[in-house]
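S.K.: Got a sequence here, can you model it:
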Amino acid sequence: MINWQRFALIIGLLVGPSTQAQPVQPNIVFVLADDLGWNDIGYNNPEVVTPQLDGLAAQGVKLTQYRVNPVCSPTRASLLTGQTALRTSVVRPGLPLPLELGVMPEPLQAAGYQTWLVGKWHLGETTEAHLPNQRGFDHFYGFHGGTVNSFTHMRGRGMNATLDWRRNGELIDEEGYTTHLLADEAISLIENRDTARPFFLDLSFNAPHTPLLAPQEFIDHFARIDDEDRRVYLAMVEAMDVGIGRLYDVLVEQGIADDTLFVFMSDNGGNARVGGANNEPLRDQKGSPFEGGERVPAFVLWPDGLDGAREFSDFITLMDWVPTISAITGIAPPNEIVDGFDMLPALRDGQVVARGPSIVGSTTSWAVFDGDWKLVERNLGTRVLRFLFRIFEDPNEENNLLEQNPDVAARLTAILDAHPDGAAGMPVISSVVNSPDFTAPIGPQSWVTIFGENFSRLRRIWTDQDFQGPNFPRQLDDIEVTINGEPAYPYYISPTQLNVLSAVTSATGPVNVQVTTTSGPSDIFSVEHQTLAPALFMFNPADRKYIAAVHPDGVRVARAGLFPGGGGGGGGRRMTRPAKPGDVITFFGSGFGPTDPPTPDGEIISSPLGLANDVTILFGGVPAEVTFAGVVQAGVYQFNVIVPDDVPDGDVAVVAEIGGVPSQADACITIAR
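M.R.: Numbering: from 1, shown residues only. As a prediction, this is how the structure comes out:
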């Protein structure tokens, strides 16, 4: 039997590069590993056991210069839309993909494709409209959040742990290792498909993302590895490799492997600090704009459409798949604006694709690629660092050429500055706090803090100029806040937090709050005063954000640890001399919320998050003036205080009280006048 799709492609090649091949509609399979490092696949590192992936890559086209965004949600948003993370506004884990943006499965579905997502979503669950079944997928099986326990299918820890295992929106409680279950589901969909229609499968594993868990039989294969994290990580990778091999075997058995465009990639670089990954010899890791965060193992295998058994060393990004698949299938891309480039001529017959600059990155760190140049910009809140590399000559990014090539750096910086940020979606309110005690009436000029999403258009970076004087970053777009129908003046605005001054004369009953942005109004958020209490920031593992720890029974706060930083303007150094009255001392603490999590994946808190509670610091029982209290990084709180005048000399215990709850571990410092 003649394979007419392959015949059409061959004819397209024979008549010359100027003639496009006829569109075809192959099956499309994307397989994503989660946090797989550059050195964590067998063909890059023989320590790693991935015979199935190695074999498939050897048959197909290895993409040796493949770039992604350095954290998960931005990568998934860019892959499905063909746009930069900046343009989508999904710049950090857990942000919802704006509903106005189209995604790859939608036009495929409209053209007759069967569309399936198996595994990780992590692109929003604020409303039902954000969920996969409403975003072009006929079938969804997996989890909505960033990660789950591979055996219990729970996300979060301790009191925050919740089941996150679903099929088409319904929670399901079933046993099994997630990697095995996801592979089983993908195989079942293929075996039970409508054979008259092509399919699009997005198989997004949670392996080898933390928490590091694997069946013992796989862990035993790496008994020679001393490091426990690395041992379990490699076991997770091998288990995933087995599942991918099983999946491809089914494609072969069904007689459709040749007519399937099969893409494998990692969503970002490996988590080498706490996740057991290895990105060597590349610089840095997951979350970083350096190569260790953005350059990942990847290959494409399509026997009917691409010659295999070769390496493709041209620059290519995850955003290029949308226009490339559009060129293959003749189906229009999901969005009018696409930042990727059609790489089919280069992949198919070696044509040079005249591509422009490409931007990848996340949060406040970005990389601009243009030809053999790479500009890295890292915003640290108080300063911006830039680096310039000849990335093909210097793949490990050892030689910063910024000073020698200021014109190139200026040109690439201008490209980054000019690239539009995505418009925020509809504003959503999640909680409202009146500090210090919401049970008190709201009077004129009362401080009310509103938490939620999409309160502002995204600012790409906040530079040190934004922090000059008393003002924090403010959005430039119009925004209106009403409390019980009366305007409130917003004086601090970020995408997830609003601080407003109430204009009402008195409000002692239910309070109705509404936020209106250029995208439209939020739903009215109604609260009874007596149901709220003073709030600290707590970390919500469900969407990896800090939110107010509001609870009807009072302040939810674990007793906290407290330890001193620098003194006398020491800038965070450990104290090396006694303190004296008037010194400014920095204390750091943890445990001031119900959880004390590690740093969120890829998230950097570049501007401190102030506490909504009253903070009291006592030196030997004497209250001190607190000049700053806030969250400075995940799980770490900072207090800047002035040593009171009437504190006694000698060793003095320092206690922090947050919302009236004292710290469990006192700090002890020495006072000497």
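S.K.: who's in contact with Ser362?
M.R.: Going by CB atoms under 8 Å, 6 or more residues apart in numbering, Ser362 touches 69-71, 74, 85, 91-92, 287, 602. Heads up, the C-betas are built off the backbone N, CA and C, glycines and all.
S.K.: of all these, which two lie farthest apart?
M.R.: With CB to CB as the measure, no two of those lie farther apart than Ala85 and Gly287, at 12.8 Å.
S.K.: more crowded one of those two?
M.R.: The residue with more neighbours, out of Ala85 and Gly287, is Ala85; 31 against 25, by other CB atoms under 10 Å.
S.K.: so who does that one touch?
M.R.: By CB under 8 Å, 6+ apart, the neighbours of Ala85 are 69, 74-75, 77-78, 91, 360-362.
S.K.: Quick check: closest non-adjacent residue to it.
M.R.: Sequence neighbours aside, Pro74 is the residue nearest to Ala85 in space, at 3.7 Å (criterion: CB to CB, 6 or more residues apart in numbering).
S.K.: What are the buried residues along the longest helix seen in the chain?
M.R.: Counting residues, the longest helix found in the chain (DSSP state H) is helix 228-253. For helix 228-253, burial by neighbour count (16 or more other CB atoms under 10 Å) applies to 229-245, 247-248, 250-251.
S.K.: and if you look at stretch 368-376?
M.R.: Neighbour counts over stretch 368-376 (16+ other CB under 10 Å) mark 368-370, 373-376 as buried.
S.K.: now the helices for this protein?
M.R.: Using DSSP H, the helices of the chain run over 4-14, 51-59, 72-81, 85-88, 105-110, 178-191, 216-219, 228-253, 291-294, 321-329, 344-349, 406-418.
S.K.: Format those helices as TSV; extra columns: mean pLDDT.
M.R.: TSV is the format used below for those (pLDDT from 0 to 100):
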stretch	mean pLDDT
helix 4-14	39
helix 51-59	98
helix 72-81	97
helix 85-88	92
helix 105-110	98
helix 178-191	98
helix 216-219	98
helix 228-253	98
helix 291-294	98
helix 321-329	98
helix 344-349	96
helix 406-418	93
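S.K.: Same list (those) but as JSON lines, adding distance to Ala624.
M.R.: Converted to JSON lines, the helices of the chain look like this (distance: least, CB to CB, whole Å):
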{"stretch": "helix 4-14", "distance to Ala624": "75"}
{"stretch": "helix 51-59", "distance to Ala624": "58"}
{"stretch": "helix 72-81", "distance to Ala624": "41"}
{"stretch": "helix 85-88", "distance to Ala624": "43"}
{"stretch": "helix 105-110", "distance to Ala624": "57"}
{"stretch": "helix 178-191", "distance to Ala624": "49"}
{"stretch": "helix 216-219", "distance to Ala624": "51"}
{"stretch": "helix 228-253", "distance to Ala624": "41"}
{"stretch": "helix 291-294", "distance to Ala624": "41"}
{"stretch": "helix 321-329", "distance to Ala624": "56"}
{"stretch": "helix 344-349", "distance to Ala624": "64"}
{"stretch": "helix 406-418", "distance to Ala624": "43"}
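S.K.: surely Gln254 meets Ile187?
M.R.: No. Contact between Gln254 and Ile187 fails when scored by CB atoms under 8 Å: they sit 10.0 Å apart.
S.K.: what sits against the residue nearest to Ala85?
M.R.: Contacts for Pro74 (CB under 8 Å, 6+ apart) come out as 85, 88, 90-93, 361-362.
S.K.: and it, how far is that from Pro395?
M.R.: Counting by CB to CB, to the nearest Å, the gap between Pro74 and Pro395 amounts to 22 Å.
S.K.: cool, Thr482 as well?
M.R.: Shown here: Thr482 relative to Pro395, a distance of 54 Å by CB to CB.
S.K.: Repeat that for Gly276.
M.R.: Distance, Gly276 to Pro395, using CB to CB: 23 Å.
S.K.: Compare these two (neighbour count), which wins?
M.R.: Taking neighbours as other CB under 10 Å, Gly276 and Pro395 compare with Gly276 leading, 26 against 17.
S.K.: isn't the more buried one right up against Asp229?
M.R.: Yes. Gly276 lies in contact with Asp229 (CB under 8 Å); the separation is 3.8 Å.
S.K.: Quick check: neighbours shared by these two?
M.R.: Residues touching both Gly276 and Asp229 (CB under 8 Å, 6+ apart) are Leu212.
S.K.: so who does Leu282 touch?
M.R.: Residues near Leu282 by CB under 8 Å, 6+ apart: 38, 269, 290-292, 295, 395-397.
S.K.: Next, the distance between the ends of stretch 385-398.
M.R.: Terminal residues of stretch 385-398 lie 15 Å apart, using CA to CA, to the nearest Å.
S.K.: do stretch 359-366 as well
M.R.: By CA to CA, the extent of stretch 359-366 from end to end equals 7 Å.
S.K.: quick revisit: which of the contacts of Ser362 sits closest to Gly42?
M.R.: Checking those against Gly42 by CB to CB gives Pro70 as the nearest, at 23.2 Å.
S.K.: how much space is there between that closest one and Glu294?
M.R.: Distance, Pro70 to Glu294, using CB to CB: 5 Å.
S.K.: Of these two, which one has the most company?
M.R.: Pro70 (33 against 29).
S.K.: Surely the more buried one touches Gly293?
M.R.: Yes. With contact defined as CB under 8 Å, Pro70 and Gly293 form a contacting pair (3.3 Å).
S.K.: Spit out the residues that contact those two alike.
M.R.: 268-269, 286-287.
S.K.: Counting neighbours, which of those residues comes out on top?
M.R.: Neighbour max across the shared contacts of Pro70 and Gly293 (other CB under 10 Å) = Asn268, 33 neighbours.
S.K.: can you tell me how far Asp339 sits from Pro215?
M.R.: For Asp339, the distance to Pro215 equals 40 Å [CB to CB].
S.K.: what do you get for Leu306?
M.R.: Going from Leu306 to Pro215 by CB to CB gives 35 Å.
S.K.: repeat for Leu101
M.R.: In terms of CB to CB, Leu101 sits 38 Å off from Pro215.
S.K.: For these two, indicate the residue with more neighbours.
M.R.: Using other CB under 10 Å as the criterion, Leu101 and Pro215 rank with Leu101 on top: 23 against 16.
S.K.: Which residues are in contact with the more buried one?
M.R.: By CB under 8 Å, 6+ apart, the contact list for Leu101 reads 81, 83, 88, 334-335.
S.K.: again, 7 Å this time
M.R.: By CB atoms under 7 Å, 6 or more residues apart in numbering, the contact list for Leu101 reads 81, 88, 335.
S.K.: Where does pLDDT dip in the stretch 401-550 of the chain?
M.R.: 423-425, 433-447, 456-478, 491-496, 503-509, 518, 528-550 (pLDDT under 70).
S.K.: swap in the stretch 51-200 of the chain?
M.R.: 158-160.
S.K.: What is the burial count for Ala223?
M.R.: For Ala223, the tally of surrounding residues (other CB under 10 Å) stands at 8.
S.K.: Asp220 versus the residue nearest to it when sequence neighbours are not counted, what's the distance?
M.R.: With sequence-adjacent residues excluded and distances taken as CB to CB, 6+ apart, Ala223 is closest to Arg231, at 7.6 Å. As judged by CB to CB, Arg231 and Asp220 stand 9 Å apart.
S.K.: Equivalent analysis for Thr364, please.
M.R.: Taken as CB to CB, the span from Thr364 to Asp220 is 42 Å.
S.K.: If you count surrounding residues, which of those two has more?
M.R.: Per other CB under 10 Å, whichever of Thr364 and Asp220 has more neighbours is Thr364, with 24 against 11.
S.K.: Now the more buried one. Nearest residue, chain neighbours left out?
M.R.: What sits nearest to Thr364 in space, not counting adjacent residues and going by CB to CB, 6+ apart, is Asn379, at 3.8 Å.
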